[in-house]
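[1] sequence first, then the predicted structure:
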Amino acid sequence: MTGITLAVPSKGRLEELTREWFAARGLTISRPGGARSYLGVMDGEPDVTVRFFPASEIARELIRGNIDVGVTGRDLIHETSETGPDSVTFALPMGFGHADVVIAVPEAWIDVTHLHDLADVASDFRSRHKRWLRIATKYITITRQHFARAGIAEYRIVESLGATEAAPASGAADIVVDITSTGSTLAANGLRVLEDGVMLKSEANLIVSRTAPWSDAQRAQVANLLQKLGAAPA
Ligand SMILES: Nc1ncnc2c1ncn2[C@@H]1O[C@H](COP(=O)(O)OP(=O)(O)OP(=O)(O)O)[C@@H](O)[C@H]1O
Ligand SMILES: O=P(O)(O)OC[C@H]1O[C@H](OP(=O)(O)OP(=O)(O)O)[C@H](O)[C@@H]1O
């Protein structure tokens, strides 16, 4: 195997900003096969194969070592696996895709402002309502880790694949863990972030796999690409 793989987001909010970011650093990514093709080219860099993947798959494949360098949100590396952050190097924050993974409760819960209040609520649910506090989220790993560190065990996760913020109003869950940037989706759904409820601050990052089995030539190619992008060596 020669050459290295750079994976960039194929859709969504990170796609265009990623390509603009590379272009601003003199490395133009093109998609010769059109928007439905998953193979790209970096002009003037024959050693670099560009692949377009969904942001979450980029996180998974960097951790597995199937791609060498990738662009995705920090949140997705933490969420994909507990050991995700140890399996990669965050080489460069890219200055876009800023968002926080937060714990939010219904605005009506006026006495619940901090995580320790939530711990009390969780026990109350068990003793008074005879059921678990339900948390709607797609951030299962991050939620479990954070709640375990906070010593809260009395809850259940309701896995949500979209419109997470609607879950408390619809009765599908009591509170949510989700990503937010402007806060407008939470506000529109009558939810408020706990004062100590930011679990993770995320932004798009240039990320290098630590598990990819590189030859010396590939290691040099990765170093060369990082240097051109102004990133620290991996
Ligand atoms: N509102 C937001 N503002 C800024 N960045 C965000 C926001 N929501 C998500 N992100 C960042 O963008 C990443 C990808 O989100 P996005 O919803 O575009 O993913 P996707 O993989 O394209 O979509 P899908 O989840 O539908 O497959 C998130 O993991 C996060 O890092
Ligand atoms: O704080 P805000 O600026 O309101 O952004 C937060 C919203 O953005 C993301 O959703 P997205 O726009 O990707 O929609 P989706 O969940 O339907 O993919 C996220 O899941 C939140 O719902």
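    Arrived safely, thanks for sending. Values in this document were obtained by computation on a predicted structure and should not be read as measured data. Ligands and ions are numbered 1, 2, ... in the order given.

[2] residues contacting the closest residue to ligand 1 within the chain?
    Residue of the chain nearest ligand 1, by Cβ to the nearest ligand atom: Gly73 (2.1 Å). Where C-beta positions appear, they are placed from N, C-alpha and C, glycine not excepted. By Cβ atoms under 8 Å, 6 or more residues apart in numbering, Gly73 lies in contact with Leu14, Ala55, Ala59, Gly97, Ala99, Ser202, Glu203, Ala204, Asn205.

[3] near ligand 1, which residues of this protein?
    Remark: the part of the chain in contact with ligand 1 comprises 11-14, 54-56, 73, 75-76, 97-99, 179, 181, 202, using Cβ under 6 Å from any ligand atom.

[4] thinking again about what came up before, so can I have JSON lines of the contacts of Gly73 showing pLDDT?
    Listed next are the contacts of Gly73 as JSON lines, based on pLDDT from 0 to 100:
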{"residue": "Leu14", "pLDDT": "96"}
{"residue": "Ala55", "pLDDT": "97"}
{"residue": "Ala59", "pLDDT": "98"}
{"residue": "Gly97", "pLDDT": "98"}
{"residue": "Ala99", "pLDDT": "98"}
{"residue": "Ser202", "pLDDT": "98"}
{"residue": "Glu203", "pLDDT": "98"}
{"residue": "Ala204", "pLDDT": "98"}
{"residue": "Asn205", "pLDDT": "98"}
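
[5] number of residues surrounding Leu17?
    Other residues lying near Leu17 total 16 when counted by other Cβ atoms under 10 Å.

[6] what pLDDT does it get?
    At Leu17, the pLDDT value in this model is 97.

[7] this protein - how does it break down into domains?
    4-98+203-228, 99-201 (automatic domain parsing).

[8] kindly list the longest strand within the protein.
    strand 191-202 (DSSP state E).

[9] re earlier: in CSV, list the domains of the chain along with distance to ligand 2.
    Shown next, in CSV, are these (distance: least, Cβ to the nearest ligand atom, whole Å):
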stretch, distance to ligand 2
domain 4-98+203-228, 7
domain 99-201, 3
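
[10] I'd like the ones you listed as a markdown table, with distance to Ala234 appended.
    Listed next are the domains of the chain as a markdown table, based on distance: least, Cβ to Cβ, whole Å:
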| stretch | distance to Ala234 |
| --- | --- |
| domain 4-98+203-228 | 4 |
| domain 99-201 | 22 |
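
[11] before we move on, the earlier item: now the contacts of Gly73: which count as buried?
    Leu14, Ala55, Ala59, Gly97, Ala99, Ser202, Glu203, Ala204, Asn205 (16 or more other Cβ atoms under 10 Å).

[12] next step: those restricted to strands.
    Residues of the buried ones among the contacts of Gly73 located in strands (DSSP E): Ala99, Ser202, Ala204, Asn205.

[13] quick check: nearest residue in space to the last one, chain neighbours excluded?
    Meaning Asn205. Distances taken as Cβ to Cβ, 6 or more residues apart in numbering put Phe90 closest to Asn205, at 4.9 Å, once the chain neighbours are dropped.
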